[in-house]
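Return atomic coordinates for the entry below.
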Amino acid sequence: MLVGLMGVGKSTIGKRLATRLSLPFVDADTEIELAADMSIPEIFEKFGEPHFRDGERRVIARLIDGQPKIIATGGGAFINDETRALMLEKAITVWLDADLAVLADRVARKDNRPLLRGKDARTVLQELAAVRNPIYALAPIHVKSQSLPHEATVDSILKALQ
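The predicted structure follows:
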């Protein structure tokens, strides 16, 4: 399972990692949208973040079914105590980390992040990092994602898994 702040590359790197390991790739956010039959921004707007986090926990529990796969999670999934406990107990969890400048550049490319709507991305990411990074650090594997080709990060994950 890949965890980390938005923009760190969990989905992009996860797909490449899955290919290299000949495993299926699953994006938890996509699975949440399919289960809810609405987008994540719509879920946030209509029901709020606590409702979203509850659904996220249930979807992740379903995805951790004992079948090997690479799962990219949303940035807040690992922050939830129950979801984190489940992930640490039943999966290999990798924290993908990146410098704030790299993250801010990456998230500026899309307008689909509810926590950033109408706010300065770098400020929000800095605030999230202050709260979340100590929790992400509970993941047994920590890999830095840099402004290099994604294959370099995949190589770092594979090396850390050995």
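
Can you get me a residue count around R53?
17 (other CB atoms under 10 Å). All C-beta spots, glycine's among them, are computed from the backbone N, C-alpha and C.

ok, now D120?
The burial count for D120: 10, using other CB under 10 Å.

ok, it - contacts?
By CB atoms under 8 Å, 6 or more residues apart in numbering, D120 lies in contact with nothing.

roughly how far is the helix or strand bottoming out on mean pLDDT in the chain from the heart of the chain?
Least confident helix or strand, the chain: helix 100-107 with a mean of 81, by mean pLDDT, DSSP states H and E. The chain centre lies 15 Å from the centre of helix 100-107; the measure is CA atoms, centre = their mean, to the nearest Å.

After it, which helix or strand is next?
In the C-terminal direction, the helix or strand that comes right after helix 100-107 (DSSP states H and E) is helix 121-136.

tell me which residues in that next one are buried?
Buried residues in helix 121-136, defined by neighbour count with 16 or more other CB atoms under 10 Å: A121, V124, L125, L128, A129, R132, I135, Y136.

Grab the two from the residues you listed that are most spread out in space.
A121 and I135 (20.6 Å; CB to CB).

can I assume I135 is in contact with F78?
Yes. Counting by CB atoms under 8 Å, F78 is a contact partner of I135 at 6.4 Å.

So for these two, which residues contact both of them?
Counting by CB under 8 Å, 6+ apart, the shared contacts of I135 and F78 are R84.

Reduced to three states, what does W95 come out as?
Assigned with DSSP: H, G, I helix; E, B strand; the rest coil, W95 falls in the strand class.

residue contacts, it?
W95 touches V3, G4, F78, Y136, A137, A139, I141, H142, V143, counting by CB under 8 Å, 6+ apart.

Tell me the one of these nearest A104?
Out of the contacts of W95, the member with the shortest distance to A104 (by CB to CB) is G4, at 14.4 Å.

Can you give me the pLDDT of the closest residue to the closest one other than its chain neighbours?
Spatial nearest neighbour of G4, excluding adjacent residues (CB to CB, 6 or more residues apart in numbering): L96 at 3.9 Å. For L96, the model assigns a pLDDT of 96.
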